[in-house]
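In: how would this look folded up:
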Amino acid sequence: MESKFPNILITGTPGTGKTTLSRLLEDQLSQEYPGKFTLIGLSKMIVDQMLFKNWNKDFDVPEFDEDMVCDALEPRIQQGGLIIDFHSCGFFPRDWFDIIILLRATNTNIYDRLIERGFPEKKITENIEAEIFNVVHDEVYESFDPSIIISQNSNTVDEMQANLEQALQIIRQKIISC
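Out: Model (predicted):
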């Protein structure tokens, strides 16, 4: 999908820093390109717009409906300039994103971050196992062209800052080349 302002997906296992990086990126891009980028926290949008048919009582989360999510996002995707923060990606059409940022973190960091958020132990264990078994990593590389994927470690403040700078550099280059 060609657009002057690229669509960006920031993905990774819960606790890898997606929301933090997404917000930093939106703040910076909004200063450089006012009104051209919009951040969508997709988990919140799914709940707010009821883009699900079932609720998983074990994990206390909606089981989002892929078609409903894609239908809700499609008009906005076509405009470009979206930054989408979500933990899953295999259901998105392959041509929706110009840049995919895959965040990774150590199990200790994921554990500490999810404990801090008050996640139940069962949900923490599931997410740590997902990171160990490369669930999101494999989904990203099976779903998208590897040339648009940026895989970054997100364990420290310094790594997060480096991730932000790398992402900004790539986005600026993408804007210039369009």
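
In: buried set for stretch 59-76?
Out: For stretch 59-76, the buried set under the neighbour-count rule, 16 or more other CB atoms under 10 Å, comprises 62, 64-65, 69, 72-73. Where C-beta positions appear, they are placed from N, C-alpha and C, glycine not excepted.

In: which ones among those are found in strands?
Out: 62, 64 (DSSP state E).

In: turn the buried residues of stretch 59-76 into CSV, columns for pLDDT and distance to residue 133.
Out: As requested, the buried residues of stretch 59-76 are exported to CSV (pLDDT from 0 to 100; distance: CB to CB, whole Å):
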residue, pLDDT, distance to residue 133
62, 95, 23
64, 97, 21
65, 97, 25
69, 98, 24
72, 98, 30
73, 98, 28
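
In: which of the buried residues of stretch 59-76 sits closest to residue 6?
Out: Nearest to residue 6, judged by CB to CB, of these is residue 73 at 15.1 Å.

In: mind listing the helices for this structure?
Out: Using DSSP state H, the helices of the chain run over 18-32, 42-48, 66-79, 107-116, 121-132, 135-143, 157-177.

In: distance to residue 5 added to the ones you listed, as CSV?
Out: Listed next are the helices of the chain as CSV, based on distance: least, CB to CB, whole Å:
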stretch, distance to residue 5
helix 18-32, 9
helix 42-48, 19
helix 66-79, 8
helix 107-116, 30
helix 121-132, 31
helix 135-143, 22
helix 157-177, 6
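
In: for residue 58, which of those helices is the nearest?
Out: Among the helices of the chain, the nearest to residue 58 by CB to CB is helix 121-132 (7.2 Å).
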